[in-house]
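Chemist: just the structure for this:
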Amino acid sequence: MKINTCQFSYNPQTRQFTTEISDLGPRFVFKSVYKDAADEGLTLVSKRTGREVTYVVNHTEFDAEGDLKWWDLIPANPHSLHSACNVAAYVEARHTTLRIFND
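Modeler: Reported below is the predicted structural model:
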């Protein structure tokens, strides 16, 4: 699933994009990222450049009661993706993260 960066807030100091899961729409689901693994994520499309970067779920946070709080995502390995990609976009994104809150 492709999501535009305008659906996220961005903190340039932490280089983190954040949003709430409900802001991604009722049809949002994570997709399979790699050809040979079950890892899931999403593709983020820059509203500024139009470049696409696929992010993979790196961490899932739960509270003491076992309720899901958020997912953290990092840029996927561009050489292992299902499709061709713009490696320059991954170089620019390599220090960014996504946090999606489960509201």
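
Chemist: which residues does the lowest-mean-pLDDT helix or strand in the chain contact?
Modeler: Comparing helices and strands within the chain by mean pLDDT, DSSP states H and E singles out helix 87-93 as the least confident, with a mean of 74. The set of residues external to helix 87-93 that reach it, using C-beta atoms under 8 Å, 6 or more residues apart in numbering, is Leu44, Ser46, Thr49, Arg51, Glu52, Val53, Pro75, Pro78. Just so you know, the C-beta spots here come from the backbone N, C-alpha and C atoms, and that holds for glycine as well.

Chemist: tell me who's in contact with the residue nearest the centre of the chain.
Modeler: With distances taken as C-alpha atoms, centre = their mean, Tyr55 lies nearest the centre of the chain, 3.9 Å away. Shown here is Tyr55, whose contacts under the criterion C-beta under 8 Å, 6+ apart are Gly41, Leu42, Thr43, Leu44, Leu73, Ile74, Pro75, Ala76, Leu98.

Chemist: now the fourth one: how far from Phe101?
Modeler: Here the distance between Leu44 and Phe101 works out to 16 Å (C-beta to C-beta, to the nearest Å).

Chemist: partner strands of the lengthiest strand in the chain and their direction?
Modeler: Secondary structure assigned by DSSP state E gives strand 52-62 as the longest strand of the chain. Note on strand 52-62: by DSSP bridges, its sheet partners are strand 40-45 (antiparallel), strand 68-75 (antiparallel).
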